[in-house]
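**Q** My questions are about this predicted structure, shown below with the sequence.
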Amino acid sequence: MKSPTCPVCKNQLERIKRNLGAFEMCNMSFLVVCPGSIDEVKSVKRESDSPFPFIADTDLEIGNQMELTLRDNELYPSIFVLTKERTIRWMQKGRNYLYYGDEELKEALNCHNWI
């Protein structure tokens, strides 16, 4: 997530939640990395009613390591695919309310029946 207040990010969480059955067919799961305090991130998780685990990147350590830091308290909204060894196999950095990167993700996963 870009930030705890990002409306596009919240919309993406809703889109993913609505399509969980299709994602499961593709053997996918999600982990949400969100900048902000632990309380802010807990609030986002509670408000979104998302079944995914959330990680509070309180000091932007994850964002900095992945070169996703946008500002002092924001990350580029991104999707990344991890291998079993927890290395990044594919990453799509940035999105907006008109572009979520669905096609690129489907190609990267070789899974064409999800959204």
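**A** Looks like it arrived, so ask away. Numbers count the residues shown, from 1 in each chain.
**Q** how many neighbours does the closest residue to residue 58 other than its chain neighbours have?
**A** Of all residues not flanking residue 58 in the chain, residue 37 sits nearest, at 6.1 Å (Cβ to Cβ, 6 or more residues apart in numbering). No exception for glycine: its C-beta is placed from N, CA and C like everyone else's. Neighbour count for residue 37, taken as other Cβ atoms under 10 Å: 12.
**Q** Just give the closest residue to residue 7, not the sequence neighbours.
**A** residue 97 (7.9 Å).
**Q** can you check residue 16 too?
**A** residue 30 (6.2 Å).
**Q** Let's see the pLDDT reported for the one you found.
**A** Looking at residue 30, its pLDDT stands at 83.
**Q** Now the phi/psi pair for it, please.
**A** Dihedral pair for residue 30: phi -130, psi 150, per degrees, to the nearest 10.
**Q** residues contacting it?
**A** Residues near residue 30 by Cβ atoms under 8 Å, 6 or more residues apart in numbering: 16, 23, 52.
**Q** related to what we said a few turns ago, pLDDT score for the residue nearest to residue 58?
**A** The model's pLDDT for residue 37 equals 94.
**Q** for the one 4 residues further on, same thing?
**A** Reading off the confidence values, residue 41 has pLDDT 94.
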